[in-house]
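Novice: What follows is a predicted structure for the sequence shown.
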Amino acid sequence: MDAYDLITRNAAEVVTEDEVRSLAEDPDGKRAYVGYEPSGVLHIGHMLTANKLIELQEAGFEIVVLLADVHAYLNGKGTFEEIRETADRMREQFVAYGLEESDTEFVLGSEFQLDEEYTLDLHALELETNLSRAERAMAEIQSGDTATVAQAVYPLMQALDIVYLDVDLAIGGMEQRKVHMLARDTLPSIGADAPTCLHTPLIADLSTGVGKMSSSAGVSISMEDSEEELREKVNKAYCPPSRDPEPDADGEDRDNPVLQIFEYHVFPRFGEVVVERPEQYGGDLEYDDYESLASDLDSGELHPADAKGALAEYLNELVAPGREKIRQQRS
Ligand SMILES: N[C@@H](Cc1ccc(O)cc1)C(=O)O
């Protein structure tokens, strides 16, 4: 796979393709980052962007993980002290998940976001941005129904982080895209470059396939799930025998979250998949790529129950080191 294909593998969108192509010409030493609001336990959304970081690490990128303590505080996630405490645990969980510790720069937001220079640049961006634009950028990230002033400052700080962390590529889930577009539009006003961005897809709600999976509503997969819990969650998941399910009665689009997890989590980390089946049902099935697995589900060769059984096992393998780390952190 050439560098461009590796960088953009499984991305929902890159902004812009030309900019990513020029990064791909010489990826060595280029810097990519994801920022996370610290929380006690990683969930599948964190793991999805982390998969991309691991791939970029392999492509030669320097990886920066921002533990965005000030952002979590601005987004109403608790007292600053509480949030800080969880940041360290989160870092350890990322390492357990597979981010090479010696090759990853973990930065706490408060290490630089409270400096005078940063603050003055932030105020300069505030002058350039109207409130409704900031609010719109935050709509999918904000906790609570009504936007606070803190939540309007939040996306501007996120934009500024890209400058202060000196990154060449900003990564985030699709819910970050409006913040990144705001960053592209406003950073030039303070003399900085518009950042190049890559967005990872969102996984559909596990039980319905409608909308996105969320750690705050509905069933989500987390790093502390036991093997048994994973099996139960996956068994109950929505998985019609097709990769493009029919819209539901309300005409809402559905996706197949079981297939999405194979595509965005299992294949990128394991490379191949074996679905174990008793001889009498045709024996084991082996797949080298996502496409062949998805088309076997479409054709009926692969039964959803067998796909789910395999998925639960691979997920268990993915979360096991982090689960062990969480156990140590709590003892
Ligand atoms: N907005 C990100 C967190 C974040 C904060 C600051 C950044 O610079 C980047 C990302 C989230 O929703 O979790």
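Specialist: All right, it came through fine.
Novice: in the sheet, who's paired with the residue in the chain positioned nearest to the ligand?
Specialist: Nearest residue of the chain to the ligand: Gly35, at 2.2 Å (C-beta to the nearest ligand atom). Using the backbone N, CA and C atoms, a C-beta is placed for each residue, glycine as well. Here Gly35 sits in beta bridges with Leu66, as judged by DSSP bridges.
Novice: which residues touch the nearest residue to Glu92 once chain neighbours are set aside?
Specialist: Using C-beta to C-beta, 6 or more residues apart in numbering and skipping residues adjacent in sequence, the residue nearest Glu92 is Lys325, 5.5 Å away. Lys325 makes contact with 92-93, 96, according to C-beta atoms under 8 Å, 6 or more residues apart in numbering.
Novice: which stretches of the stretch 201-331 of the chain form helices?
Specialist: Assigned helices in the stretch 201-331 of the chain, in chain order: 227-235, 257-261, 267-270, 290-299, 304-330 (criterion: DSSP state H, counting those that start in this stretch).
Novice: Format the ones you listed as TSV; extra columns: distance to the ligand.
Specialist: Formatted as TSV, the helices of the stretch 201-331 of the chain follow (distance: least, C-beta to the nearest ligand atom, whole Å):
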stretch	distance to the ligand
helix 227-235	23
helix 257-261	20
helix 267-270	21
helix 290-299	26
helix 304-330	18
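Novice: Would you point to the one among these that's packed deepest?
Specialist: Comparing those by mean neighbour count (mean count of other C-beta atoms under 10 Å), helix 257-261 comes out on top with a mean of 24.
Novice: chain center to that helix: distance?
Specialist: 15 Å (C-alpha atoms, centre = their mean, to the nearest Å).
Novice: Give me the secondary structure label for the residue positioned nearest the centre of the chain.
Specialist: Compute the mean C-alpha point of the chain, and by C-alpha atoms, centre = their mean the closest residue is Thr49, 3.1 Å away. Assigned by DSSP: H, G, I helix; E, B strand; the rest coil, the conformation of Thr49 is helix.
Novice: ok, the residue lying closest to it once chain neighbours are set aside - contacts?
Specialist: Once flanking residues are discounted, Thr49 sits nearest to Val34: 4.7 Å by C-beta to C-beta, 6+ apart. Going by C-beta under 8 Å, 6+ apart, Val34 touches 49-50, 52-53, 65-66, 171-172.
Novice: Could you measure from Val34 over to Glu25?
Specialist: 23 Å (C-beta to C-beta, to the nearest Å).
Novice: Of the contacts of Lys325, grab the buried ones for PyMOL.
Specialist: Filtering those down to the buried ones (16 or more other C-beta atoms under 10 Å) takes a single PyMOL command:
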select buried, resi 92+93+96
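Novice: Can you tell me which of the contacts of Lys325 is closest to Ser143?
Specialist: For the contacts of Lys325, the residue nearest Ser143 by C-beta to C-beta is Gln93; the value is 21.1 Å.
Novice: Remind me what whichever helix or strand the closest one is part of packs against, helices and strands.
Specialist: Per DSSP states H and E, Gln93 falls inside helix 80-97. Contacting helix 80-97 under the criterion 3 or more C-beta pairs under 8 Å, 6 or more residues apart in numbering; DSSP states H and E are the following elements: helix 44-58, strand 62-67, helix 69-74, strand 104-108, helix 304-330.
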